[in-house]
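Asks: output the structure for:
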Amino acid sequence: MKSIPPIQLIPEPLTDEARNLPKFKWASKEIGARHRLGGEPQFLQNEQWPNCPAGHGRMTFYGQLDSINDDICIADCGMIYVFMCFDCYEATSIVHSN
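Replies: Alright, predicted model coming up:
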């Protein structure tokens with residue numbers, strides 16, 4: 001299994017519409033800032049590490065994407081985790097709620 005060093009992703013709005021999105025009203029400060037590539041996933045629930053469906057073993061953690069605000073919220077301030085097999089380039093994602 002390949003490993004990717006941790007890289008923090010800092011959201012940068014690219015349009016006026018994105019810049020004007022409201023912030024979270026009730027969520028804690030770290031919600032919306034947990035985006036990253038590589039490293040270890042910050043699982044919100046039990047660890048779920050998928051295996052390659054083509055039989056190449058455990059998939060590589062590629063990154064995680066956080067909720068954005070109260071209107072663009074993933075499963076109660078949850079996250080999407082993306083995994084990839086670098087042998088066959090199959091990818092899969094998992095959603096966890098907070």
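
Asks: center of this structure, which residue is that?
Replies: By CA atoms, centre = their mean, the chain has its centre lying nearest to Q64, at 1.6 Å.

Asks: got the CA positions of the helix or strand harbouring it in CSV?
Replies: Taking DSSP states H and E as the definition, one finds Q64 inside strand 60-66. C-alpha atoms of strand 60-66 as CSV (Å, rounded to 0.1, in the frame of the first residue of the first chain):
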residue,chain,number,x,y,z
THR,A,60,-4.4,4.1,0.1
PHE,A,61,-6.1,6.9,1.9
TYR,A,62,-6.1,9.8,-0.6
GLY,A,63,-7.9,12.5,1.3
GLN,A,64,-10.9,13.8,3.3
LEU,A,65,-13.4,16.5,2.6
ASP,A,66,-15.2,18.3,5.3
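
Asks: partner strands of the very next helix or strand once past it, with direction?
Replies: Counting by DSSP H and E, the next helix or strand C-terminal to strand 60-66 is strand 79-84. Strands that pair with strand 79-84, judged by DSSP bridges, come out as strand 60-66 (antiparallel), strand 91-96 (antiparallel).

Asks: need the winner for burial among those strands.
Replies: strand 60-66 (a mean of 20; mean count of other CB atoms under 10 Å). Backbone N, C-alpha and C define where each C-beta goes, glycine included.

Asks: so what's E40 closest to, chain neighbours aside?
Replies: Setting aside the residues directly before and after it, E40 is nearest to F61 in space (CB to CB, 6 or more residues apart in numbering), at 6.8 Å.

Asks: good, we can wrap up now.
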